[in-house]
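# dropping the sequence and predicted coords here.
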Amino acid sequence: MRGCGAGSVRLQLLLSLAALWLSDANEPGSHLTTQDFNQQTEETVSNLTSAVYSISIDGFSSAPEEKNVILYSPANIVLSCNLTSPSTDSAIVEVAWKKDNETVKSSSVTLNETKYVWSTQYTLKIRDRNQMGNYTCVFKRDREVKATFHLQVPQIEGKEHDVVSYVGDSVTLVCKSIKYIPINWIWYTSNGSDQVAINDSLMPDKYIVDEKYANITKLKILKISEKDDSSYWCQAVFKLGESKGKVSLKVLTYMTPLKPFLAIAAEVIILVAIIFLYEMYSKKKQKHAEDEKEFEQIEQLKSEDSNGVENSTTRHRKV
């Protein structure tokens, strides 16, 4: 009986271990095979967003048209250009597409004979940053007209702005990405002509990077000195490229606000000193003139007295 009981316990233990192993194998998060991974990748690619961006051109006399196309992740897009011609104009129009300054293969060009609208489309499967840039459709006859699509990643809100702070204080620099969430944020500062990445883990007593919200990054600089007077760049990293914002930090000393007052005070002091010296010089000059006049008067009186004595002596001798 004891042997049967021990065998039954062992059997139940083995069954429990087998059931546990089977449940772990079926749990989510188990290792995927190469086939499963490829299948998921194909589903991800097939689920990419698709969009059509179009520009309409009103005849060959129109000015060049432009449109910004914002892409933050891989997508399938169609660029469409439509040129409207007069109903009486049936001349052949040549159409070409360019990426930046290089001619690329264009899709089919069609003519709507009813409305006389020339149309051309360029289909793109954007997968990496090398495909970003400027795409231009060109309609050419006796003259040409064109329209350009600017494929770019989202821009930083307020790409360039200034911040003013004082020596010894702390300041927080902020960058935002409008509507779109970057994969990562990176802060840089300038060191001469080079840009140096800011790592708060290496200098925790100087820099603190706050990324509480995915579309906002904050750089807090502690114990500001005059050496921190520089330009700082925040870089938003997207799957198709990067977008940069610039924050210029101006560091002032507490004497800086007093400088205009001190300059005015110095000007007033100099002006008062000049007036005082001028008055002293005027008084001295006036006194000197009065002294000379008094001296001339005394000399004149002496001369008159001597002349009177001489005339009296002469008269006495004659008698």
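Done, it's in.
# going forward, measure contacts and count neighbours with C-alpha atoms only.
OK.
# just confirm residue 280 is within a helix.
Yes: membership of residue 280 in a helix is supported by DSSP: H, G, I helix; E, B strand; the rest coil.
# tell me who's in contact with residue 140.
Taking Cα atoms under 8 Å, 6 or more residues apart in numbering, we find residue 140 in contact with 93-95.
# please apply the same query to residue 233.
Shown in contact with residue 233 (Cα under 8 Å, 6+ apart): 187-189, 244-247.
# buried residues in the strand or helix carrying it?
Secondary structure assignment for residue 233, by DSSP states H and E: strand 230-238. Under the neighbour-count criterion of 16 or more other Cα atoms under 10 Å, strand 230-238 has 231-238 buried.
# low-confidence stretches in the stretch 151-300 of the chain?
255-259, 291, 295, 297 (pLDDT under 70).
# mind listing the helices for it?
258-318 (DSSP state H, counting those that start in this stretch).
# name the helices or strands packed onto the longest strand along the chain?
Assignment by DSSP state E gives strand 241-252 as the longest strand of the chain. Packing contacts for strand 241-252, counted by 3 or more Cα pairs under 8 Å, 6 or more residues apart in numbering; DSSP states H and E, involve strand 156-157, strand 160-166, strand 230-238.
# now the angle between strand 160-166 and that strand, please.
On the basis of axes from the mean of the first three to the mean of the last three Cα atoms, to 10 degrees, strand 241-252 is oriented at 30 degrees to strand 160-166.
# contacts for strand 241-252?
72, 129, 153-167, 173, 175, 224-226, 228-237.
# mind exporting the C-alpha coordinates of that strand to CSV?
In CSV, the C-alpha atoms belonging to strand 241-252 read as follows (Å, rounded to 0.1, in the frame of the first residue of the first chain):
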residue,chain,number,x,y,z
GLY,A,241,15.4,62.1,-39.5
GLU,A,242,16.1,64.7,-36.9
SER,A,243,14.8,68.2,-36.2
LYS,A,244,16.8,70.7,-34.2
GLY,A,245,15.9,73.7,-32.1
LYS,A,246,18.2,76.4,-30.7
VAL,A,247,18.1,78.1,-27.4
SER,A,248,20.6,81.0,-26.7
LEU,A,249,21.3,81.5,-23.0
LYS,A,250,22.5,85.0,-22.0
VAL,A,251,24.0,85.1,-18.6
LEU,A,252,24.1,88.4,-16.7
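# relative to strand 230-238, how tilted is it?
Interaxial angle, strand 241-252 versus strand 230-238 (the same axes, to 10 degrees): 160 degrees.
# partner strands of strand 241-252, parallel or antiparallel?
strand 160-166 (parallel), strand 230-238 (antiparallel) (DSSP bridges).
# right, so of those, which gets closest to residue 281?
strand 160-166 (46.4 Å; Cα to Cα).
# then that closest one to CSV, C-alphas only?
Output of strand 160-166 as CSV, limited to C-alpha atoms (Å, rounded to 0.1, in the frame of the first residue of the first chain):
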residue,chain,number,x,y,z
GLU,A,160,15.2,79.6,-32.1
HIS,A,161,14.6,81.7,-29.0
ASP,A,162,16.6,83.4,-26.3
VAL,A,163,16.7,83.0,-22.5
VAL,A,164,18.2,85.5,-20.0
SER,A,165,19.4,84.5,-16.5
TYR,A,166,21.8,85.7,-13.8
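# what residues sit buried inside it?
For strand 160-166, burial by neighbour count (16+ other Cα under 10 Å) applies to 165-166.
# could you give the bridge partners of residue 246?
Bridge pairing for residue 246 - DSSP bridges - gives residue 160, residue 233.
# which one of the strands paired with strand 241-252 lies nearest to residue 105?
strand 230-238 (27.8 Å).
# CA atoms of that closest one as PDB?
Taking C-alpha atoms only, strand 230-238 is exported to PDB below (Å, rounded to 0.1, in the frame of the first residue of the first chain):
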ATOM      1  CA  SER A 230      26.300  79.900 -24.900                       C
ATOM      2  CA  SER A 231      23.900  78.300 -27.500                       C
ATOM      3  CA  TYR A 232      22.100  75.000 -26.700                       C
ATOM      4  CA  TRP A 233      20.500  72.700 -29.300                       C
ATOM      5  CA  CYS A 234      17.700  70.200 -28.600                       C
ATOM      6  CA  GLN A 235      17.400  67.500 -31.200                       C
ATOM      7  CA  ALA A 236      14.200  65.500 -31.700                       C
ATOM      8  CA  VAL A 237      15.000  62.100 -33.300                       C
ATOM      9  CA  PHE A 238      12.300  60.600 -35.600                       C
END
